[in-house]
Structures are given as structure tokens and as C-alpha cells.
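S.K.: Quick one, fold the following:
(one chain, ligands or ions: 1)
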Amino acid sequence: MSEPRIPLVAGNWKMYKGPAEARAFAEELLRQTTNDEGEMTKAGNPELAVFPPFTALPAVAEILRGTSISYGGQNCHWESSGAFTGETAPGFLAELGCQYVLVGHSERRSLFGETDETCRKKLAAAIAAGIEPVLCCGETLAEREADRTFDVIERQLRAALADPPPPGRFTVAYEPVWAIGTGRTATPVQAGEVHHFIREWLGRNISAEIGERTRLLYGGSVKPDNFGELMKQPDIDGALVGGASLQVTSFCSIAGAARSYLTGLI
Ligand code: PEP
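M.R.: I've put the predicted structure just below:
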């Protein structure tokens, strides 16, 4: 029997918050959720993680390192060093104590030319550097309307994971592009069926163990009042949150919705 999956509520800050604001957020988040030793204070808590912009990572690391709140980069390169102006190696993130890195967020795919192939290389490089990649996948509205959702997800998974990735953990975030930043959330049934598809795909194409243990997050206009219902889907293990992660109160309320579900309150 594999271990139960620990739910994860992760905040993608995108290009918001410089170092000062990020530090204040991290201090407040710590104050609201942990005791003096930096341990989570509420039973049944999901794990929390924040993904600040690169320049804010050292400030966040200074506050959160050694606590039970995780942090990570929003992107990385696949090489460990070299003449790649403007890029960040996974090892640099590891040096800052990052536990995670986002790979293939739809904004990186659509605005910055990230491809399935670069996602594959980044995912492998992150794992090799000891960082858990969060591989983002999701269909556009046109793809959903053309009934191509599962084909697109399968293509993205196959491209990033088909050559067996190095041993190590990864997380998958299903983020329908039409739901990101639009206020339009996938229904629990829509999200649940894609998550189920992803879990089955991992089990069939990588291994039963990876299918069972890999955390699958939902992302796309998650808010405190819609997350409880999404968490009830058996294959949803948490959320990747954009807009609603920018305020400590709403981020904590989403974590609270996950907790209520985990402790049987909803
Ligand atoms: C995201 O940036 O990954 C995201 C899901 O954004 P939002 O929650 O604002 O839709």
C-alpha cells in the first residue's frame, strides 16, 4: 500500500510582489498558520507552498526556510549553468532551499515559447537537482470545444514524461487554459474526469506506484468558495492558485476549505 497523498495548496504569484511585499506576505502567512517552531498549527492541514518571482525568492527563503511552508520557482532552465542570459538553473533554486519549481505553466507556453520538449528537459533537470517539478498541463477553450481535451492532456504528459523521468517525485497540475485568470472554474465533474484520466495515464504508462502516489492539483480560478467542492473529487489532491493566492486571507481560506474536507467537515 502506498502512503496517502498529502494535499498541496500552492500559490503562483506570477509577476506580482517584489522582495518587500513578498517578505511581509511570508511573515504573515507563517504567523497565521504555524507555531513558534514553524510547524503547522491546525490538524489535517494541507501542505502550503508559494511561488514568488525570482527576485523575491531570497526574501521568502529567509522567512520560510526550515518551516513547514514550502516555496519554489515559477520556471527554470534545463542546464546546470552556461551562457543563457536571463535564465535560472534548477541548482540555483535548490541552493535557496526551494522544494518545487513550476514547469510548463500555460502562460510560459503561450507567451514565452515553452514547448512540450522544453517541459520534458526542465522536468528531468529539476528532479536531477533534487527539486520537485509541478508539471502544468491543460487545454484551451477551442480544444475543449473541439472535444480534444484528453488528446491534448495525453500529448502534454507523453511529451514530458514518456522517456521515463529520473527517479524522484513530481506533481501534475491540471489547469484548463480557459479557467486561468478568467473567473470561470471547471466544474468539479469536469476537473474530476481529467484528473482521473491523468492518474490512469500515469499508472498505465509509468507505473502503478507513480499513478497512485503522484499528487494532482487543479488550477484555474480557484477561490475559497469553490475549492471545497473540487477537493471532494477523489483524484484532486490540492490546488495551484493564481489570483486568490496574492492575499494571505484568501490563500489561507482555500487551505481552510481543503482542511474542512480533510477533516470531514464538508
Ligand atoms: C495560475 O496562475 O496557475 C492560476 C490558476 O491562476 P488563477 O487562479 O488566477 O486562475
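
S.K.: Going by C-alpha atoms from here, please, whenever you check contacts or count neighbours.
M.R.: Noted.

S.K.: CA atoms of the lowest-mean-pLDDT helix or strand in the chain as PDB?
M.R.: Scoring the helices and strands of the chain by mean pLDDT, DSSP states H and E places helix 248-262 at the bottom, with a mean of 92. Provided in PDB are the C-alpha atoms of helix 248-262 (Å, rounded to 0.1, in the frame of the first residue of the first chain):
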ATOM      1  CA  VAL A 248      -2.900  35.800   2.900                       C
ATOM      2  CA  THR A 249      -6.500  35.700   3.900                       C
ATOM      3  CA  SER A 250      -7.900  34.200   0.700                       C
ATOM      4  CA  PHE A 251      -4.900  31.800   0.400                       C
ATOM      5  CA  CYS A 252      -5.500  30.700   4.000                       C
ATOM      6  CA  SER A 253      -9.200  30.300   3.300                       C
ATOM      7  CA  ILE A 254      -8.500  28.000   0.400                       C
ATOM      8  CA  ALA A 255      -6.200  26.000   2.700                       C
ATOM      9  CA  GLY A 256      -9.100  26.000   5.200                       C
ATOM     10  CA  ALA A 257     -11.500  24.600   2.600                       C
ATOM     11  CA  ALA A 258      -9.100  21.800   1.900                       C
ATOM     12  CA  ARG A 259      -8.800  21.200   5.700                       C
ATOM     13  CA  SER A 260     -12.500  21.100   6.200                       C
ATOM     14  CA  TYR A 261     -12.700  18.500   3.500                       C
ATOM     15  CA  LEU A 262      -9.800  16.500   5.000                       C
END
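
S.K.: Which elements pack onto that helix?
M.R.: With contacts defined as 3 or more C-alpha pairs under 8 Å, 6 or more residues apart in numbering; DSSP states H and E, helix 248-262 has these neighbours: strand 8-12, helix 19-33, helix 224-231.

S.K.: The ones you listed: which one's closest to the ligand?
M.R.: strand 8-12 (5.5 Å; C-alpha to the nearest ligand atom).

S.K.: Convert that closest one to CSV, retaining C-alpha atoms only.
M.R.: Listed next in CSV are the C-alpha coordinates belonging to strand 8-12 (Å, rounded to 0.1, in the frame of the first residue of the first chain):
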residue,chain,number,x,y,z
LEU,A,8,-0.9,20.7,-1.5
VAL,A,9,-2.2,24.2,-1.8
ALA,A,10,0.2,26.2,-3.9
GLY,A,11,0.2,29.9,-4.7
ASN,A,12,1.6,31.1,-8.0
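
S.K.: what lines up beside that strand in the sheet?
M.R.: Strand pairing for strand 8-12, determined by DSSP bridges: strand 47-51 (parallel), strand 238-241 (parallel).

S.K.: Okay, buried residues for the longest helix belonging to the chain please.
M.R.: In the chain, taking DSSP state H as the definition, the longest helix is helix 188-205. Neighbour-count burial for helix 188-205 flags 188, 191-195, 197-203, 205 (criterion: 16 or more other C-alpha atoms under 10 Å).
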